[in-house]
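Asker: need a 3D model of the following:
(chains A and B)
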Amino acid sequence: AQTVTQSQPEMSVQEAETVTLSCTYDTSENNYYLFWYKQPPSRQMILVIRQEAYKQQNATENRFSVNFQKAAKSFSLKISDSQLGDTAMYFCAFMKQETSGSRLTFGEGTQLTVNP
Amino acid sequence: DSGVTQTPKHLITATGQRVTLRCSPRSGDLSVYWYQQSLDQGLQFLIQYYNGEERAKGNILERFSAQQFPDLHSELNLSSLELGDSALYFCASSSPNEPGGRYGYTFGSGTRLTVV
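Answerer: The predicted model follows:
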């Protein structure tokens, strides 16, 4: 079974600064996907960024980027130029590659607070 | 609007009662997933349906059951409710055209269940 670990329950950052959220996972699979989801106070789950394990290039979406280290089974999220609206719970998630759809396994989350 | 519709948004009921949560997946999506998020916790996978068939089970209690209908909407039935069942219940869907759901799931806005 896959497990996802987020070792930072809470983090804070000043507006406009950069912050990195950590995530490690354990799997015996070779093909899989990794995701970061954001859950703001509204509780809506919002996809932030995704990474395909077979791609060596780190994914980037505007101010969000990842550092994917497959051998180390590490998948960290970097948020640049932090904004107040980035305040949210961030979940790292793992998905096996299956054509019929596969469950997402989530970490416990990191509560990020962006301070003005 | 994510395209995944969950009803009702809020539900308050007494212990011992039975409730039904409903989910309509995004148009074209065949897979439906149910997750439970207790207060300040991560998301726990309950069950997955793919085109009407149960595909995977997670930490779903025997008091809980689900089904996916021919029109692909899904219902999660919770019976003999206990105080500890109070949680946010998410439904999500994914597309067969995105093998492994590589773009992640699309989540509904959740149903907030309060058992009193």
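
Asker: burial of B:Arg63, as a residue count?
Answerer: For B:Arg63, the neighbour count with other C-beta atoms under 10 Å in any protein chain shown is 13. The way it works is simple: take the backbone N, C-alpha and C, and place the C-beta from them, glycine included.

Asker: which secondary element of chain B has the worst mean pLDDT?
Answerer: strand B:53-57 (a mean of 89; mean pLDDT, DSSP states H and E).

Asker: run the chain-centre distance for the very next helix or strand once past that one.
Answerer: Along the chain past strand B:53-57, the next helix or strand (assigned with DSSP states H and E) turns out to be strand B:64-68. Here strand B:64-68 is found 9 Å from its chain centre; the criterion is C-alpha atoms, centre = their mean, to the nearest Å.

Asker: and strand B:64-68, what does it pack onto?
Answerer: Where contact means 3 or more C-beta pairs under 8 Å, 6 or more residues apart in numbering or on different chains; DSSP states H and E, strand B:64-68 is packed against strand B:43-50, strand B:74-78.

Asker: state the paired neighbours of the first one in the sheet, together with their directions.
Answerer: Pointing back at strand B:43-50 there. Using DSSP bridges, the strands paired with strand B:43-50 are strand B:31-37 (antiparallel), strand B:53-57 (antiparallel).

Asker: and of these, who's closest to A:Trp36?
Answerer: Closest to A:Trp36 of these is strand B:31-37 (C-beta to C-beta; 16.4 Å).

Asker: in the chain, which residue is closest to the centre?
Answerer: No chain was given, so I picked chain A. What sits nearest the mean C-alpha location of chain A, by C-alpha atoms, centre = their mean, is A:Trp36, with 2.9 Å.

Asker: my question was about chain B
Answerer: B:Trp34 (3.0 Å).

Asker: who's it bridged to?
Answerer: Bridge pairing for B:Trp34 - DSSP bridges - gives B:Ile47, B:Cys91.

Asker: what does B:Lys57 give?
Answerer: B:Ile47.

Asker: burial measure for whichever residue of chain B sits closest to chain A, as a count.
Answerer: Taking C-beta to the nearest C-beta, chain A has its nearest neighbour within chain B at B:Ser31, 3.4 Å off. The tally of other residues near B:Ser31 (other C-beta under 10 Å) stands at 27.

Asker: what of A:Thr87?
Answerer: A:Thr87 is flanked by 17 other residues according to other C-beta under 10 Å.

Asker: pLDDT wise, what is it at?
Answerer: pLDDT for A:Thr87: 97.

Asker: excluding chain neighbours, give the residue nearest to it in space.
Answerer: A:Val114 (4.9 Å; C-beta to C-beta, 6 or more residues apart in numbering or on different chains).

Asker: swap in B:Phe45?
Answerer: Closest residue to B:Phe45 apart from its sequence neighbours, by C-beta to C-beta, 6+ apart: B:Gly58 at 3.5 Å.

Asker: with A:Ser82 as the reference, measure out to the nearest residue to A:Asn115 once chain neighbours are set aside.
Answerer: With C-beta to C-beta, 6+ apart as the criterion, A:Asn115 has its nearest non-adjacent residue at 5.5 Å, and that residue is A:Gln14. A:Gln14 sits 7 Å away from A:Ser82, going by C-beta to C-beta, to the nearest Å.

Asker: and what of B:Phe69?
Answerer: Separation of B:Phe69 from A:Ser82 (C-beta to C-beta): 44 Å.

Asker: quick one, which of the two is more surrounded?
Answerer: When B:Phe69 and A:Ser82 are compared for neighbours, A:Ser82 comes out ahead with 21 against 10, by other C-beta under 10 Å.

Asker: fine, thanks again, bye for now.
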